[in-house]
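> Just the structure for this:
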Amino acid sequence: MNIHEMVGIIAPWANDPARKALFLSIPEVAAFHAKVVEIHGDLLSAQPAGAVVSPALQKIIDAGIAADAVHDPLARSVWSAIEADKNNSLAAETPDLARAKQAEEVQARLFPTGMSIINASLLAESGNTERVAKLLEEQPDVRAFLKSIPVQGKGTLLDTTKRWIAAGAKLGELERAREVQEAKEATEPLGKAKMNALRARWIRLVSQVLSNLELSDAPAESIELIRGPVTKASDRASKRYEGGAAAPADAPAAPVGGAGVP
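Numbers count the residues shown, from 1 in each chain. Next comes the predicted model:
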């Protein structure tokens, strides 16, 4: 994980009023806030002069956020329409058990991990829609089922699913473009020893925050608002080094939320 990502993850904890208040409202992690502010400042000081997100990179990031805002509602729409069809089949005066079972099976094939997919990394979301596209090619019964469900306006749930697949493909394109742009803009850190020490401190702190969240009775939504950006960034960083590519020499492996943070 590069220094920009490390700064970006904890910046809301340190500076954003709403996220800071949320962090401080969780007793299990509130005591770490002073250290969050301290290491955030240290990381900012360690960045090379002018090490800010470039307009080109920011444009890609903004496009990714916009594309994800399209992908997630489409995924929810497909899930909800299948769920509604199943319940309508069961609620009919003469329950259609066969149709309800088919709906349940199709839903399981399209969403093997349920709706957790919309909280995954953008690359994971893209990979999932690629899997769905292949499934539609290989399993005509799924296509037929989706086509049998009308949606608001013109078209069927199959059309909505195709739009979901297209949105996922767009996410993949943007994430790859982001990685290429980040590589172009990469700069040498100021002092390998200093950056190694800062990385180690950041990893220990963030790992402790995530570990304490596991013990918290705070609302699940509040916990996810703190934990989600870390796990997504970790997944994205891990994807960059899949396929045999090496992690940076100054990136010590350490567990964050049960997974190494590159």
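> Please enumerate the strands of this protein.
Using DSSP state E, the strands of the chain run over 255-256, 259-260.
> Show me the shaky parts of the stretch 51-200 of the chain.
51-52, 186-191 (pLDDT under 70).
> Try it again at 80.
Where the stretch 51-200 of the chain drops to pLDDT under 80, the residues are 51-54, 153, 183-195.
> A81 and S148 touch, don't they?
No: A81 is beyond contact range of S148, at 10.9 Å (criterion: CB atoms under 8 Å). The C-beta positions use only the backbone N, C-alpha and C, and glycine is treated the same way.
> These two: who's more crowded?
A81 (21 against 13; other CB atoms under 10 Å).
> Spit out the contact partners of that one.
Residues near A81 by CB atoms under 8 Å, 6 or more residues apart in numbering: I149, V151, L157, T160.
> which residues sit in contact with the last one?
For T160, the set of contacting residues under the criterion of CB under 8 Å, 6+ apart consists of L74, S77, V78, A81, V151.
> And the contacts of stretch 11-30?
33, 36-37, 40, 209, 212-213, 215-216, 218, 222-223, 225-226, 229.
> follow-up on the earlier one: now the buried members of the contacts of A81.
I149, L157, T160 (16 or more other CB atoms under 10 Å).
> Including distance to M195, could the residues you listed go into a markdown table?
As requested, the buried ones among the contacts of A81 are exported to a markdown table (distance: CB to CB, whole Å):
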| residue | distance to M195 |
| --- | --- |
| I149 | 53 |
| L157 | 50 |
| T160 | 46 |
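> Which ones among those residues map onto helices?
Under the assignment DSSP state H, the buried ones among the contacts of A81 contribute L157, T160 to helices.
> What is the nearest of the buried ones among the contacts of A81 to G8?
Closest approach to G8 among the buried ones among the contacts of A81 (CB to CB): T160, at 32.8 Å.
> do you know how far that closest one is from G168?
13 Å (CB to CB, to the nearest Å).
> T129 now?
3 Å.
> Then S121?
Distance, S121 to G168, by CB to CB: 12 Å.
> what's the spacing between stretch 107-121 and its chain's center?
In terms of CA atoms, centre = their mean, to the nearest Å, the centre of stretch 107-121 is set 12 Å apart from its chain centre.
> Endpoints of it, how far apart?
21 Å (CA to CA, to the nearest Å).
> And the contacts of stretch 111-131?
Residues from elsewhere that reach stretch 111-131 (CB under 8 Å, 6+ apart): 64, 67-68, 71-72, 75-76, 79, 164-165, 167-169, 171-172, 174-175, 224, 228, 232, 235-236, 239.
> er, stretch 34-54 I mean
So stretch 34-54 is contacted by 3-4, 6-7, 10-11, 13-15, 23, 61, 181, 185, 187-191, 194-195, 198, 201-202, 205, 209 (CB under 8 Å, 6+ apart).
> With just CA atoms, put that stretch into CSV.
What follows is stretch 34-54, C-alpha atoms only, in CSV (Å, rounded to 0.1, in the frame of the first residue of the first chain):
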residue,chain,number,x,y,z
ALA,A,34,-4.6,11.0,19.3
LYS,A,35,-2.2,8.5,17.8
VAL,A,36,-4.2,8.6,14.5
VAL,A,37,-3.8,12.4,14.4
GLU,A,38,0.0,12.1,15.2
ILE,A,39,0.8,9.5,12.5
HIS,A,40,-1.4,11.3,10.0
GLY,A,41,0.7,14.4,10.5
ASP,A,42,4.0,12.4,10.3
LEU,A,43,2.9,10.8,7.0
LEU,A,44,2.0,14.2,5.5
SER,A,45,5.4,15.5,6.5
ALA,A,46,7.2,12.5,5.0
GLN,A,47,5.7,12.9,1.6
PRO,A,48,7.8,14.5,-1.0
ALA,A,49,7.1,18.2,-1.8
GLY,A,50,4.1,18.5,-4.1
ALA,A,51,3.1,14.8,-3.4
VAL,A,52,-0.6,15.4,-3.9
VAL,A,53,-3.1,13.6,-6.0
SER,A,54,-2.7,14.9,-9.6
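> Since that was my last question, I'll sign off now.
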